[in-house]
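1. I need the structure of the sequence given here:
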Amino acid sequence: MIRKEFSEIQGIQVNPLKIINGPKGDVRHALKANDTSFLGFGEAYFSTMHQGEIKGWKRHNRATLNLVLSSGIVRFFAFDDRTDSVSKGAFAEIILSLDNYQRLTIGPGIWLAFQGLSENNAILNICNMQHDPTEADNREINDPIMPKLS
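-> Residues are numbered from 1 along each chain as shown. Just a heads-up that it's a prediction; the model follows:
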């Protein structure tokens, strides 16, 4: 397993996002139709997690995810086991918060897990296709063929 930066895994983009502060509340950008990571719209949903809990491992085989922090602090883990990838064997992690406000675009074939680090954690996923339970694979967090998470 090779430790890399999140954006060094083929098929992952990390895009800084803009927060526009206002006296009555802020505007947080998420995704625009002219962003290079916008591949169409299938569905958008929020995923929440309790503090300390890890969700994953999950690999989408056709879907591209655009993940944006809605609240809290979340650590994301990615693992590339694709045989045809230049980053095969790479493992990466990144922590997102409002101080590190970015969009993670995760292409098909990359394993993903995420952990809530604060009390109220939520991420928005803007996916290019509607949910299809047959297009994704799941593994337990402690699966011995997956990287050990700490």
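
2. so where do the strands sit in this protein?
-> 2-3, 12-16, 19-20, 27-28, 43-49, 54-60, 65-71, 74-79, 90-96, 102-106, 111-116, 121-127, 136-138 (DSSP state E).

3. mean pLDDT for those: which is lowest?
-> The minimum mean pLDDT among these belongs to strand 2-3 (a mean of 88).

4. listing partners with orientation, what would you give for that one?
-> strand 90-96 (parallel) (DSSP bridges).

5. angle of the strand it pairs with against strand 74-79?
-> Angle of strand 90-96 versus strand 74-79, following axes from the mean of the first three to the mean of the last three C-alpha atoms, to 10 degrees, is 170 degrees.

6. what's the separation between Val74 and Glu93?
-> Distance, Val74 to Glu93, using C-beta to C-beta, to the nearest Å: 11 Å. Quick note: C-beta positions are derived from backbone N, CA and C, even for glycine.

7. higher neighbour count, these two?
-> Ranked by neighbour count (other C-beta atoms under 10 Å), Val74 and Glu93 place Val74 first, with 24 against 19.

8. hey, what's the more buried one bridged with?
-> Leu96, Gly116.

9. check contacts around it.
-> 49, 95-97, 114-117, 121, 123 (C-beta atoms under 8 Å, 6 or more residues apart in numbering).

10. what comes up buried for stretch 57-75?
-> Under the neighbour-count criterion of 16 or more other C-beta atoms under 10 Å, stretch 57-75 has 57-60, 63-75 buried.
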